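Enquirer: Provided below are the primary sequence and the corresponding predicted coordinates.
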Amino acid sequence: MLTKTIRRLALATAFSVAFAGAVFAQNPMVGGAAMFADKNIVENAVNSADHTTLVAAVQAAGLVETLQSPGPFTVFAPVNSAFERLPDGTVDTLLQPENKDALVKVLTSHVVAGKLSASDLMRRARANGGRYNMETVSGAPLTAVLRGNNVYIFDQAGGAGRVTIADVNQSNGVIHVVNRVLLPRM
């Protein structure tokens with residue numbers, strides 16, 4: 001009897017650990033931090049060491065409350081090194097209070113209303129000759145382009161960011177990490 005109970009307990013524990021690992025594995029690590037599907041975009045982004053510039057910009061632009069709302073949103077989140085590749089002084093200039101409108105336009109040019117997974121983007125692009133056009137909440141266009149197994153997001157200015165980490169699910173949408181800042185026409 002005791003042996004049966006111990007076996008059941010061991011089996012239940014093994015199942016629980018495996019199940020918890022499978023649930024956790026649904027979201028990739030980003031910037032050295034776990035991303036949790038039950039947290040919103042801002043709650044997760046603040047934990048990513050790769051997104052400190054983006055988080056500071058979102059705060060300066062006054063977009064925290066928006067990105068904590070129910071959404072859903074698809075966010076193409078540039079890493080710190082993407083901001084560093086902008087011309088010298090660009091980030092500092094955008095973060096100045098008198099440039100808040102321009103900062104909001106740049107940041108909202110990374111956000112699409114609705115939740116689009118990587119498979120959604122790929123499926124829609126394949127159905128349209130390898131390209132899928134989207135409109136951001138700023139009104140700027142973005143285009144997902146398939147190149148081999150990679151998805152590139154082209155901005156209105158003609159630049160392209162590669163999706164480096166896809167499908168970081170959030171309670172209010174999804175984040176796809178990109179290696180470039182997506183720019184609207186200013």
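Expert: Perfect, thanks for sending it.

Enquirer: alpha carbons only for contacts and neighbour counts from here, please
Expert: Fine.

Enquirer: which SSE is residue 166 in?
Expert: Residue 166 is part of strand 160-170 when elements are defined by DSSP states H and E.

Enquirer: What lies in contact with the following helix or strand past that strand?
Expert: Sequence-wise, the next helix or strand downstream of strand 160-170 (DSSP H and E) is strand 173-178. Under the criterion Cα atoms under 8 Å, 6 or more residues apart in numbering, residues 40-41, 71-79, 114-118, 161-169 lie in contact with strand 173-178.

Enquirer: Quick one: name whatever helix or strand follows the lowest-mean-pLDDT helix or strand in the chain.
Expert: With mean pLDDT, DSSP states H and E as the measure, the helix or strand of the chain carrying the lowest mean pLDDT is helix 2-24 (a mean of 36). Next along the chain after helix 2-24, taking DSSP H and E as the criterion, comes helix 41-45.

Enquirer: if we can go back for a sec, quick one: buried ones out of the contacts of strand 173-178?
Expert: Members of the contacts of strand 173-178 that pass the buried threshold by neighbour count (16 or more other Cα atoms under 10 Å) are listed as 40-41, 71-79, 115-118, 161-163, 165-169.

Enquirer: Tell me what residue 177 is bridged to.
Expert: residue 77, residue 165 (DSSP bridges).

Enquirer: Count the residues that sit near it.
Expert: A count of nearby residues for residue 177, using other Cα atoms under 10 Å, gives 22.

Enquirer: what secondary structure does residue 182 sit in?
Expert: At residue 182 the chain is in coil, as set by DSSP: H, G, I helix; E, B strand; the rest coil.

Enquirer: For it, which non-adjacent residue is closest in space?
Expert: In space, not counting the residues next to it along the chain, residue 182 is nearest to residue 155; the distance is 5.3 Å by Cα to Cα, 6 or more residues apart in numbering.

Enquirer: how near is that neighbour to residue 33?
Expert: Residue 155 sits 28 Å away from residue 33 when distances are taken as Cα to Cα, to the nearest Å.

Enquirer: again with residue 141
Expert: Here residue 141 is placed at a distance of 31 Å from residue 33 (Cα to Cα).

Enquirer: So which of the two has more stuff around it?
Expert: The residue with more neighbours, out of residue 141 and residue 33 and counting by other Cα under 10 Å, is residue 141; that gives 20 against 15.

Enquirer: On the strand side of things, show who the more buried one bridges to.
Expert: With DSSP bridges as the criterion, the beta-bridge partners of residue 141 are residue 135.
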